[in-house]
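1. Next input, structure requested:
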Amino acid sequence: MLRSLLFGSSVRIVIVIAVTTVAGVTLLLRLAPEPESRELPPRIPFAQTARVSAGSGPIPVYGSGTVRPSAEVDIAPQVGGRVVWVDPGFQSGRRVEAGRTLFRIEEADYLYRLQEAEANLASREVAVLQEQEQAKIARAQYDLYAKRQGARGAPSEPSPLTLREPQLKAARAALSRDEARLADANLALSRTRVTAPFDGVVHSESVDVGRVVSPGQPVGRLFASHAVEVIVPLSDADASLIPGLWELQARDGEGGVAVRVIARYGEGMHVWDGYVDRVEASLDAQTRTIDVIALVSDPFSSGVPASGSSAAAARPPLLVGKFVDVEIDGVSPEDYFRIPRAALQTGNEVWAVSEGGAVHIVPVQVLQRANDEVFVTGPLESGQQVVTGGIQFATEGMRVLTGTDAVR
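-> Numbering: from 1, shown residues only. Got it, this is the predicted structure:
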């Protein structure tokens, strides 16, 4: 009985606690403030955009290449002998002028040969004079003989030997031979002075006083200083943008398609002006590119600091062997546009954004791709906004928000 009474009391206590808890929670829910109602943000994506700019002037064709000499020769004597003098300026890195004597070979042997040739020529001249006199005497004697024989009948024609014609001809030939030997001796003597064939820079030299050199033995190397070449490998698409590339003619001076050669020196960039000189008539076997040769005149003058580059105290020349960037003036279409590279979509499309935020898919023709921009033609307008990021795909007419909308 007691156990039944205790169980009933426990049940009542549990029921009271549950009812009290439910009542408290209900009261708290009624007294809590209602949450603020907010409008859901629009489901229109945000797109990054940039402006289209109208192009003018030539479209640049970008490339790179290595500077090489326009002319380079080995310095080698044409006669042999012992070196008796070397120009102090004939050292690697020095500049020399055309016609400057670089070194001299001992002249004594060649002077002796010259004197011998002069003596032989003098005696040969005397021999020719003697033969001429002998020929005159032979002619006079024959004429006298023919006159005496005239009454007895017409005389026969004299033989050349009678008139000493072969002897005179041989004497004159010997004279010509000795004249040639004298000219050869003079030439050999003049070649004991080895001179620079053109204005240039000494690339290397290996000759000293006392050294014996042989004809044709290279003792130095010289490359021209009046101009250098830059070999620019281009794809056929880039090469096709250079106007008149396959009709280029040889020129003595500057002209034709303009070129700017850009080289880094320290922390600065320097620019030299040049022009397209010629193009190779075959593809490179390894790269399958077309080699366009740009010519830069007076490369050892200081380059002009590029725009945006700090003017360094040192103004370097355009060094042979330097790897440089090249910008060539391409064709100049009447209407073309410059757009950021990020604005060009797959399939050569541009997503243009109208004033109302509607996207229009515009097909374009790509003329040239640069590092940060693309040159195109198509139904675009200068100042028009084009999508450069923020969305992965677009459909015709879809709406986007741009930076201009955010400002509003």
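
2. quick one: secondary structure of the residue positioned nearest the centre of the chain?
-> Nearest residue to the geometric centre of the chain (Cα atoms, centre = their mean): Val230, 1.9 Å. Each residue gets one of three states, and Val230 gets strand by DSSP: H, G, I helix; E, B strand; the rest coil.

3. burial measure for Ala358, as a count.
-> 13 (other Cβ atoms under 10 Å). The C-beta positions use only the backbone N, C-alpha and C, and glycine is treated the same way.

4. my guess is it meets Thr402, correct?
-> No. With contacts counted by Cβ atoms under 8 Å, Ala358 stays clear of Thr402, the gap being 11.2 Å.

5. most residues in a single strand of this protein, which one?
-> strand 268-283 (DSSP state E).

6. Now find how far off-centre that one is within its chain.
-> 4 Å (Cα atoms, centre = their mean, to the nearest Å).

7. by contact count, what packs against it?
-> strand 258-265, strand 290-297, strand 304-305 (3 or more Cβ pairs under 8 Å, 6 or more residues apart in numbering; DSSP states H and E).

8. That one vs strand 290-297, what angle?
-> 130 degrees (axes from the mean of the first three to the mean of the last three Cα atoms, to 10 degrees).

9. buried set for strand 268-283?
-> 268-272, 274-279 (16 or more other Cβ atoms under 10 Å).

10. can you put the residues you listed in JSON lines and add distance to Ala122 and pLDDT?
-> Output for the buried residues of strand 268-283, formatted as JSON lines (distance: Cβ to Cβ, whole Å; pLDDT from 0 to 100):
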{"residue": "Gly268", "distance to Ala122": "69", "pLDDT": "84"}
{"residue": "Met269", "distance to Ala122": "69", "pLDDT": "88"}
{"residue": "His270", "distance to Ala122": "64", "pLDDT": "90"}
{"residue": "Val271", "distance to Ala122": "65", "pLDDT": "92"}
{"residue": "Trp272", "distance to Ala122": "59", "pLDDT": "93"}
{"residue": "Gly274", "distance to Ala122": "57", "pLDDT": "92"}
{"residue": "Tyr275", "distance to Ala122": "57", "pLDDT": "92"}
{"residue": "Val276", "distance to Ala122": "59", "pLDDT": "92"}
{"residue": "Asp277", "distance to Ala122": "53", "pLDDT": "91"}
{"residue": "Arg278", "distance to Ala122": "54", "pLDDT": "90"}
{"residue": "Val279", "distance to Ala122": "59", "pLDDT": "91"}
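
11. on that earlier part again, out of the helices and strands packed on strand 268-283, which is closest to Val207?
-> Of all the helices and strands packed on strand 268-283, strand 290-297 sits nearest to Val207, with 30.6 Å by Cβ to Cβ.

12. for the closest one, packing partners?
-> Counting by 3+ Cβ pairs under 8 Å, 6+ apart, strand 290-297 packs on strand 60-69, strand 227-234, helix 236-239, strand 258-265, strand 268-283, strand 323-329.

13. State the mean pLDDT of the last one.
-> In this model, strand 323-329 has an average pLDDT of 94.

14. contacts for it?
-> 58, 60-67, 230, 232, 242, 257-263, 276, 292, 294, 318 (Cβ atoms under 8 Å, 6 or more residues apart in numbering).

15. Just the buried ones among those, please.
-> Using 16+ other Cβ under 10 Å, the buried ones in those are 58, 60-63, 65, 67, 230, 232, 242, 257, 259-263, 276, 292, 294, 318.

16. show me where the stretch 1-150 of the chain has strands.
-> All strands of the stretch 1-150 of the chain, identified by DSSP state E, counting those that start in this stretch, fall at 48-51, 53-54, 60-69, 72-75, 81-86, 95-96, 101-105.

17. Partner strands of the third one, with direction?
-> Take DSSP bridges as the rule and strand 60-69 pairs in its sheet with strand 227-234 (antiparallel), strand 323-329 (antiparallel).

18. hey, which of the ones you listed is tucked in deepest?
-> Neighbour counts (mean count of other Cβ atoms under 10 Å) averaged over each of the strands paired with strand 60-69 peak at strand 227-234, with a mean of 22.

19. tell me the angle that one makes with strand 258-265.
-> 100 degrees.

20. which other residues reach stretch 163-177?
-> By Cβ under 8 Å, 6+ apart, stretch 163-177 touches 121, 124-125, 127-128, 130-132, 134-135, 138-139, 142, 160.

21. Farthest-apart pair in those, please.
-> So, the contacts of stretch 163-177 by Cβ to Cβ: farthest apart are Leu121 and Tyr142, at 31.5 Å.

22. which of these two has more neighbours?
-> A direct count of neighbours by other Cβ under 10 Å for Leu121 and Tyr142 places Leu121 higher, at 19 against 16.

23. Show the pLDDT at the residue nearest to that one when sequence neighbours are not counted.
-> Nearest non-adjacent residue to Leu121, counting by Cβ to Cβ, 6 or more residues apart in numbering: Asp178, 4.3 Å away. pLDDT, Asp178: 94.

24. same thing with Gln249?
-> For Gln249, the predicted pLDDT is 68.

25. For the nearest residue in space to Ala224 that is not next to it in sequence, give me its contacts.
-> Spatial nearest neighbour of Ala224, chain neighbours left out: Ala71 (4.0 Å); criterion: Cβ to Cβ, 6+ apart. Residues in contact with Ala71 (Cβ under 8 Å, 6+ apart) are 198, 200, 223-224.

26. Need the residues you listed in a markdown table (columns: distance to Ile44, pLDDT and secondary structure).
-> Shown next, in a markdown table, are these (distance: Cβ to Cβ, whole Å; pLDDT from 0 to 100; DSSP: H, G, I helix; E, B strand; the rest coil):
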| residue | distance to Ile44 | pLDDT | secondary structure |
| --- | --- | --- | --- |
| Phe198 | 71 | 93 | coil |
| Gly200 | 69 | 93 | strand |
| Phe223 | 65 | 93 | strand |
| Ala224 | 65 | 94 | strand |
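
27. That's all I had, so thanks and see you.
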